[in-house]
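J.: Make a model of this:
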Amino acid sequence: MSWPSSLVALQHRNFRLIWIGLLLSFSGSMMQNAALLWHVSLLVSPERKAIALGFVGLVRIAPIIVFSMVSGVVADAMDRRRVLFVTQSMAGFVALALAVYTYQGGTALWPIYALSAVGAAVSSFDLPARAALVPSLVPREHLSNAITLNTIMFQTASVVGPAAAGLVIAESGVASAYFFNALSFGFVILALVLMRDMPGAPVPVAGQKNEISWSAAKDGLRFVFSAPLIRSTMLLDFFATFFASATALLPIFAQDILFVGARGYGWLFAAPAIGSFLTSLVMVPATERIHRRGTAIIWSVVGHGLATIVFGFSRSFWLTFACLAAVGATDTVSTVLRNVIRQLETPDHLRGRMTGINMVFFTGGPQLGELEAGAVANSFGAPFSVITGGIGCLIATGWVAWWTPRLRHYTTDAAGAVQK
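T.: Here you go, the predicted model:
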C-alpha cells in the first residue's frame with residue numbers, strides 16, 4: 001500500500017497499531033476528564049464550586065512532581081512496551097473504581113480526589129515510556145510526521161471524548177463515562193500485544209549502563225537544563241498553560257454564565273480540541289515547511305493568551321466556543337513544533353528522562369493553573385480569573401522570548417537542517 005506523504009508514518013505497522021489504540025483510549029480518557037469536573041461541580045455548594053474544581057488540578061500534579069524523575073529513568077532503563085502494559089492496565093482499574101464508586105451513589109469528594117491522584121501517578125510512568133517509544137517505531141525521517149499525527153490523534157480524541165461525555169452524562173450519568181474509559185484502555189493493550197519485532201530496553205551509550213538510580217536521573221536534569229532550546233520550550237509550555245488554563249472553570253461558565261447545561265458544557269470542553277484538530281490537519285503537510293520555528297512557537301503562545309482574554313470577556317456561547325477553539329489551534333502549532341525540536345535534539349537513551357522532566361512543565365502548568373484559576377475565581381469571579389490569566393500568559397511569553405534569543409532565531413533551511 002502506498003501512503004500519502006502526510007500519512008507516511010502510518011505505513012509502519014507498529015506505529016499504526018499504537019496510534020489506533022491510543023486514539024480510542026484517549027477518547028475514553030478525555031470523556032472521563034470532562035465527566036470528573038462535572039461530577040465534582042455537582043457534589044459541592046455553589047460558593048465552594050470554584051475551589052473544589054481547582055483542587056482537582058492540585059491532586060493531579062502532586063504525584064507527577066513526585067514521580068516525574070524516576071518515571072523518566074524507568075522509561076530509559078526498561079522495555080518501554082512492558083512499562084506500557086503495566087500502566088495501561090492500572091489506569092483501567094482506576095477508571096473502573098471511579099465507575100463503581102459513582103454507581104454506588106458515593107457523594108464524598110475525597111475518594112474522587114484520591115483516585116484522580118492515583119491515575120495521575122500511573123500517567124507519570126505511562127507518558128515517558130509512550131513518548132520515548134515512538135522514535136523506535138518509525139525511521140528518523142518520518143519522526144516529524146509521526147509526532148504531528150500523534151497530535152491529530154490526541155486532538156481528535158479530545159473532540160470526541162468531551163462531546164460524548166456531555167451526551168453520556170445527560171442520558172445515563174457520570175458513572176457510564178468512567179466505565180467507558182475503563183474499557184478503552186483495552187485497545188492499547190491489544191495493540192501492544194500485536195506489535196512485532198519490537199526493541200527491548202534502550203541501548204546505553206558507551207561507558208554507561210541502564211540503571212534506575214539518582215545518578216541516572218541527574219544525567220537527565222543536566223541534559224535538559226544545559227540545552228537552551230529544550231529548556232525555553234518547556235518554560236513556554238508551563239507559563240502558557242499555567243496562566244491561560246481555564247478548563248476547570250468551564251462547568252461554572254456552562255452552568256452559571258452561559259446557561260447551556262451538560263450538552264453545552266460537553267461542546268465547550270471539546271472546543272479547544274476542535275480548533276486543535278483542524279489546525280493539526282494543516283500542520284501535517286506544513287510542519288516541514290515552517291523554517292522559522294522559534295518565532296512560530298512564540299507567536300502561537302501570544303495568540304493563545306489573546307484568545308483566553310477574549311474568552312474571559314465573552315457572554316455568548318458561540319463567541320466563547322470560537323475563543324476556546326482558537327486557544328486549541330494556537331496551542332497545537334506550539335505543541336507540534338516544540339515536540340519536534342525536543343525529539344530531534346534529544347539522544348534516544350535520554351528521551352524518557354527528558355519527557356519525564358518535561359511532564360512537570362506541560363502537565364504541571366495546566367494542573368497548577370487550574371488550582372490558581374479556581375482560587376482567583378473563588379475570590380473575584382471566573383471571568384476575572386480567565387482574563388488575568390491571559391494577560392499573565394502574554395507577559396510570561398515576552399519574558400521567555402527576551403531571555404532566550406536562541407529560541408527566537410531557531411530556524412531550519414529548506415532541506416530541514418537546523419540553523420541555530
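J.: When you work out contacts or count neighbours from here on, use the C-alpha atoms and nothing else.
T.: Fine.
J.: Show the contacting residues for residue 71.
T.: Applying CA atoms under 8 Å, 6 or more residues apart in numbering, one finds that residue 71 lies in contact with 124-125, 128, 352-353, 356.
J.: Enumerate the residue intervals of the protein where per-residue confidence is below the cut-off.
T.: 1-5, 199-214, 246, 284, 286-289, 291, 348, 364, 367, 412-420 (pLDDT under 70).
J.: now the strands for it?
T.: Per DSSP state E, the chain carries strands over the ranges 411-412, 418-419.
J.: quick check, nearest of the contacts of residue 71 to residue 318?
T.: Nearest to residue 318 among those, counting by CA to CA, is residue 124 at 35.4 Å.
J.: Quickly note the distance from the nearest residue to residue 262 once chain neighbours are set aside to residue 272.
T.: In space, and not counting its chain neighbours, residue 262 is closest to residue 166: 5.3 Å by CA to CA, 6 or more residues apart in numbering. Relative to residue 272, residue 166 is positioned 15 Å away (CA to CA, to the nearest Å).
J.: One more: residue 149?
T.: Using CA to CA, one obtains 17 Å as the distance from residue 149 to residue 272.
J.: for residue 113, same thing?
T.: In this structure, residue 113 and residue 272 are separated by 25 Å, where distance is defined by CA to CA.
J.: Those two: who's more crowded?
T.: Using other CA atoms under 10 Å as the criterion, residue 113 and residue 272 rank with residue 272 on top: 26 against 20.
J.: What distance do you get for the more buried one to residue 239?
T.: Summarising the geometry, the distance separating residue 272 from residue 239, computed by CA to CA, is 18 Å.
J.: Repeat that for residue 194.
T.: Residue 194 is 39 Å from residue 239, by CA to CA.
J.: quick one: which of these two has more around it?
T.: Neighbour totals were compared for residue 194 and residue 239, and residue 239 leads with 26 against 12 (other CA under 10 Å).
J.: In contact with that one, which residues?
T.: Residue 239 is in contact with 365, 393, 396-397, counting by CA under 8 Å, 6+ apart.
J.: need the contact list for the residue nearest to residue 262.
T.: By CA under 8 Å, 6+ apart, the contact set of residue 166 is 35, 262-267.
J.: number of nearby residues for residue 46?
T.: By the measure other CA under 10 Å, the count of residues near residue 46 is 12.
J.: now residue 175
T.: Applying the criterion other CA under 10 Å, we find 25 residues in the vicinity of residue 175.
J.: burial count for the closest residue to it other than its chain neighbours?
T.: Closest residue to residue 175 in three dimensions, ignoring its sequence neighbours and counting by CA to CA, 6+ apart: residue 99, at 4.6 Å. The burial count assigned to residue 99 is 21, neighbours taken as other CA under 10 Å.
J.: Surely residue 99 is in contact with residue 173?
T.: No: using CA atoms under 8 Å, residue 99 is not in contact with residue 173, being 10.2 Å away.
J.: buried ones in stretch 315-329?
T.: 317, 320-329 (16 or more other CA atoms under 10 Å).
J.: just stretch 341-355 next, same as before
T.: 341-343, 346, 348-355.
J.: before we move on, the earlier item: ok, now which ones touch the residue nearest to residue 175?
T.: Contacts of residue 99 (CA under 8 Å, 6+ apart): 175-179.
J.: Mind putting those into CSV with distance to residue 282?
T.: What follows is the contacts of residue 99, written out as CSV (distance: CA to CA, whole Å):
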residue, distance to residue 282
175, 36
176, 34
177, 31
178, 33
179, 34
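J.: out of those, who has the most neighbours?
T.: Neighbour counts for the contacts of residue 99 (other CA under 10 Å) peak at residue 177, which has 30 neighbours.
J.: Look up the closest residue to that residue, ignoring the ones flanking it.
T.: Nearest residue to residue 177, sequence neighbours excluded (CA to CA, 6+ apart): residue 32, at 5.8 Å.
J.: Measure how buried that neighbour is and give me the count.
T.: Applying the criterion other CA under 10 Å, we find 29 residues in the vicinity of residue 32.
J.: Now do it against residue 11, distance only.
T.: With the distance defined as CA to CA, residue 32 ends up 31 Å from residue 11.
J.: Ok, residue 145 next?
T.: Per CA to CA, residue 145 is found 11 Å from residue 11.
J.: Give me the more crowded residue out of those two.
T.: For residue 145 against residue 11, the residue with the higher neighbour count under other CA under 10 Å is residue 145, and the figures read 25 against 14.
J.: Let me see the contact set for the more buried one.
T.: With contacts taken as CA under 8 Å, 6+ apart, residue 145 has the following neighbours: 6-9, 284.
J.: so which of the residues you listed is the most crowded?
T.: The most crowded member of those is residue 9, carrying 24 neighbours; neighbours defined as other CA under 10 Å.
J.: pretty sure that one contacts residue 17?
T.: No: look at residue 9 against residue 17 with CA under 8 Å: they stay out of range, at 11.4 Å.
J.: Can you pull the residues that touch both of those two?
T.: Overlap between the contact sets of residue 9 and residue 17, as judged by CA under 8 Å, 6+ apart, is nil.
J.: Need the nearest residue in space to residue 260, chain neighbours excluded.
T.: Distance criterion CA to CA, 6+ apart; nearest residue to residue 260, sequence neighbours excluded, is residue 254 at 5.3 Å.
J.: Tell me who's in contact with that neighbour.
T.: By CA under 8 Å, 6+ apart, the contact list for residue 254 reads 260-262, 264-265, 268.
J.: can you do 6 Å?
T.: The neighbourhood of residue 254, defined by CA atoms under 6 Å, 6 or more residues apart in numbering, consists of 260-261, 265.
J.: ok, it to residue 317 distance?
T.: Using CA to CA, we find residue 254 at a distance of 9 Å from residue 317.
J.: separation between residue 339 and residue 12?
T.: Using CA to CA, residue 339 is found at 20 Å from residue 12.
J.: The two - which one has more neighbours?
T.: Between residue 339 and residue 12, counting by other CA under 10 Å, residue 339 is the more crowded of the two (20 against 13).
J.: Restrict stretch 73-84 to CA atoms and write it as CSV.
T.: Taking C-alpha atoms only, stretch 73-84 is exported to CSV below (Å, rounded to 0.1, in the frame of the first residue of the first chain):
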residue,chain,number,x,y,z
VAL,A,73,14.6,6.9,34.4
VAL,A,74,12.3,3.8,34.2
ALA,A,75,11.4,4.6,30.6
ASP,A,76,15.2,4.8,29.7
ALA,A,77,16.2,1.7,31.7
MET,A,78,13.4,-0.8,31.0
ASP,A,79,11.5,-2.3,28.0
ARG,A,80,9.1,0.6,27.2
ARG,A,81,6.4,-1.7,25.8
ARG,A,82,6.3,-3.7,29.1
VAL,A,83,6.1,-0.5,31.1
LEU,A,84,3.0,0.5,29.0
